[in-house]
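# Quick one: sequence plus predicted model below, questions after.
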Amino acid sequence: MTRTLAVTGAAGSIAYSLLFRLAAEASRSAPGDSERIRLRLLEVPAVVDRLEGVRMELEDCAFPALEAIVCTADPEEAFAGVDAALLVGSAPRRPGMDRADLLEANGAIFAEQGRALGTGAHPDARVVVVGNPANTNALIAAEHAQRAPRADGEVLSADRFTALTRLDHNRALAQLAARTGAPVKSIERLAIWGNHSNTQFPDLGSAAIAGEPAMQVLARVCGGPDAAEAWVAGDFIPTVTGRGGAVIEVRGASSAASAASATLDHLRDWTHGTRGRWASMAVRSHGEYGVPAGLISSFPCVVDADGSARVVEGLELTAEQRSRIDASVAELEEERAAAERLGFL
Ligand code: NAD
Ligand code: LMR
């Protein structure tokens, strides 16, 4: 099978990790399983020359699965017929900024790219928005894709537009594993709800470690249920929600390799399925858990082997969980209103 993938911001920091791992993963597919990929690399015109250096390095890796590389500054060329688009290209925040501060600078990019995806991408294409504010940028791109004219009369459904909260999910896994001493692989049913922002809700309410409720394990290691609750509220949640800002403070630049790794986790799970495990993905709401339909919000999701993703339904939420989710969803509604005021929706 040959898949065509577009990656935007392809000369940027995240892409410098993402592209090489993507090609390496495809090249590691089982012998006889002839997975091949073609890459379309999109950049702004001023940077497209520098992008040639990325192409040269990709060529120099001699990845067996990498069939072709196109470098372009034209979104229509980048997205024509693609099976997946990883929308990374956009300005990152700097110290002292919130991700929502980027909407004015980045929203127009996602309107233009949504239109080009709507016009030309494969009608079942998977779109993963990484550029911040990721949820609202995904919403903008999805809306513009719906309005785009297509020669084949098909529509790239808004349900095919997702935003990356897998980095938050992975951060939460890492914190819980470190506190309990449990292997990451033994942790299940952890969820990120809402916005990829400080209001997101990293939720351990259903989480299990080797089949045992995570809160029970935490009570053991923290010295009782109250101490476990205190660790979750006072340490775990602020660490996960503030991790992006903390990396910027220390590194002087926003997370790149971990963001690339999470993007690959998201795309791999969405393509090949989660085998019943939960993965956090920001997907278009159809009203699940009271999240207004149309918003792109993070939920616990499962993906079947055929690549169909759905929100885990039927969870009983406590008042505390409900109010944390509502707070993040309220912020998504504010961002949507801001995008409307700025003329992106
Ligand atoms: P970067 O500045 O290193 O690279 C961004 C690249 O995008 C640049 O090369 C730039 O020329 C390019 N670009 C800008 N406008 C473009 C356009 N219209 N079309 C194509 N390319 C364009 O930034 P980075 O560190 O790679 O981060 C990219 C984005 O990802 C930022 O918005 C950052 O905040 C976000 N991010 C999101 C997550 C997440 O978990 N969702 C994690 C980390 C970073
Ligand atoms: C992150 O979570 O690391 C990214 O969204 C970058 C940022 O601005 O925090």
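Great, that's in hand. Ligands and ions are numbered 1, 2, ... in the order given.
# now A339: how far from ligand 2?
From A339 over to ligand 2 the distance is 18 Å, taken as CB to the nearest ligand atom, to the nearest Å. C-betas here are computed from N, CA, C, even on glycine.
# Is that residue in contact with L103, as I believe?
Yes - A339 lies in contact with L103 (CB atoms under 8 Å); the separation is 6.3 Å.
# so what sits against both of these two?
T136 (CB atoms under 8 Å, 6 or more residues apart in numbering).
# Now do whichever residue of the chain sits closest to ligand 1: how many residues are near it, please.
Using CB to the nearest ligand atom, G12 is the residue of the chain that sits closest to ligand 1, at 2.0 Å. Using other CB atoms under 10 Å, G12 has 22 other residues around it.
# Need the phi and psi values for it.
phi -90, psi -170 (degrees, to the nearest 10).
# do A293 as well
The phi/psi pair for A293 (degrees, to the nearest 10) is phi -60, psi 140.
# Could you do P183 as well?
In terms of degrees, to the nearest 10, the main-chain angles of P183 are phi -70, psi 140.
# The nearest residue to it once chain neighbours are set aside is in what secondary structure piece?
For P183, ignoring the flanking residues on the chain, the nearest one in space by CB to CB, 6 or more residues apart in numbering is A177 at 6.6 Å. For A177, the host element (DSSP states H and E) is helix 166-180.
# And the residue of the chain closest to ligand 1, how close does it get to D83?
Distance, G12 to D83, using CB to CB, to the nearest Å: 22 Å.
# shaky segments in the stretch 51-200 of the chain?
Low-confidence segments of the stretch 51-200 of the chain (pLDDT under 70): none present.
# What are the boundaries of the strands in it?
For the stretch 51-200 of the chain, strands defined by DSSP state E, counting those that start in this stretch occupy the ranges 66-72, 84-87, 126-129, 161-163, 187-188, 191-193.
# Please identify the deepest-packed of those strands.
Greatest average neighbour count among these goes to strand 161-163 (a mean of 29), per mean count of other CB atoms under 10 Å.
# and that strand, is it in reach of ligand 2?
No - against ligand 2, strand 161-163 shows no contacts by CB under 6 Å from any ligand atom, the least distance being 10.4 Å.
# how about stretch 167-174: buried residues?
Burial within stretch 167-174, assessed by neighbour count using 16 or more other CB atoms under 10 Å, is assigned to 167-174.
# Flag every residue of the protein that's near ligand 2.
So the chain meets ligand 2 at 92-93, 99, 132, 167, 244-245, 247, 254-255 (CB under 6 Å from any ligand atom).
# For the closest residue to A309 other than its chain neighbours, give me the pLDDT.
The shortest distance from A309 to any non-neighbouring residue, by CB to CB, 6+ apart, is to V303 (4.5 Å). V303 carries a pLDDT value of 98.
# re earlier: residues contacting the residue nearest to P183?
The contact partners of A177, taken as CB under 8 Å, 6+ apart, are 183-184, 187.
# I'd like to know which of those residues is nearest to E331.
Of all the contacts of A177, E331 sits closest to I187, with 26.8 Å by CB to CB.
# Next, give phi and psi for the residue in the stretch 101-250 of the chain that ligand 2 sits nearest to.
Closest contact between the stretch 101-250 of the chain and ligand 2, by CB to the nearest ligand atom, is at G244 (2.2 Å). Backbone torsions for G244, taken as degrees, to the nearest 10, come to phi -60, psi -50.
# What's the local residue count around it?
23.
# Please tell me I have it right and it contacts S255.
Yes - using CB under 8 Å, G244 is in contact with S255, at 6.3 Å.
# Which single residue in the stretch 51-200 of the chain comes nearest to ligand 2?
R93 (4.2 Å).
# How about the contacts made by that residue?
Contact analysis of R93 by CB under 8 Å, 6+ apart lists 99, 101-102, 132, 248, 254.
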